[in-house]
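# After the sequence you'll find the predicted model.
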Amino acid sequence: MKISIDPGSCSGHARCAAAAPALFRLDDDGYALPYDGEVPDGQEETARDGERACPERAITVG
Ligand code: F3S
């Protein structure tokens, strides 16, 4: 499972990082940083929590 973040859609709401701080990190301006690699086993639902938290639908998990 991977996490894709569309930088063109991210508006810096930071809700992803609030919902799933272990997986989503923000840059100094509050925009989501790209996620490299696979979601660790057992954190799939946490990744989906972050996906659902984004009001811009900038996050795709799958
Ligand atoms: Fe950006 Fe959405 Fe997170 S707008 S900072 S990906 S909640």
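All right, it came through fine. Fair warning: this is a prediction, and the values are worked out from it, not measured in the lab.
# ok, longest helix in this structure?
The longest helix of the chain (DSSP state H) is helix 44-53.
# Only the buried residues of it, if you could.
Neighbour counts over helix 44-53 (16 or more other Cβ atoms under 10 Å) mark T46, A47, R48, D49, G50, E51, A53 as buried. Quick note: C-beta positions are derived from backbone N, CA and C, even for glycine.
# and what of stretch 17-35?
Using 16+ other Cβ under 10 Å as the test for burial, stretch 17-35 gives A17, A19, A20, L23, F24, L26, A32, Y35.
# Touching, the fourth one and E44? I think so.
No - distance between L23 and E44: 10.1 Å, which falls outside the contact criterion (Cβ atoms under 8 Å).
# in the protein, which spans are strands?
With DSSP state E as the criterion, the chain has strands at 3-5, 59-61.
# quick one: C54 from the ligand, how far?
According to Cβ to the nearest ligand atom, to the nearest Å, C54 stands 3 Å off from the ligand.
# Next, the contact list for the nearest residue to that residue once chain neighbours are set aside, please.
In this structure, C54 finds its nearest non-sequential neighbour in C16, 5.4 Å apart by Cβ to Cβ, 6 or more residues apart in numbering. By Cβ atoms under 8 Å, 6 or more residues apart in numbering, the residues touching C16 are I5, L23, F24, A32, G50, E51, A53, C54, I59.
# Would you convert those residues into CSV that also reports pLDDT?
Listed next are those as CSV, based on pLDDT from 0 to 100:
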residue, pLDDT
I5, 97
L23, 97
F24, 98
A32, 98
G50, 98
E51, 98
A53, 98
C54, 98
I59, 98
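# Sounds good, over and out.
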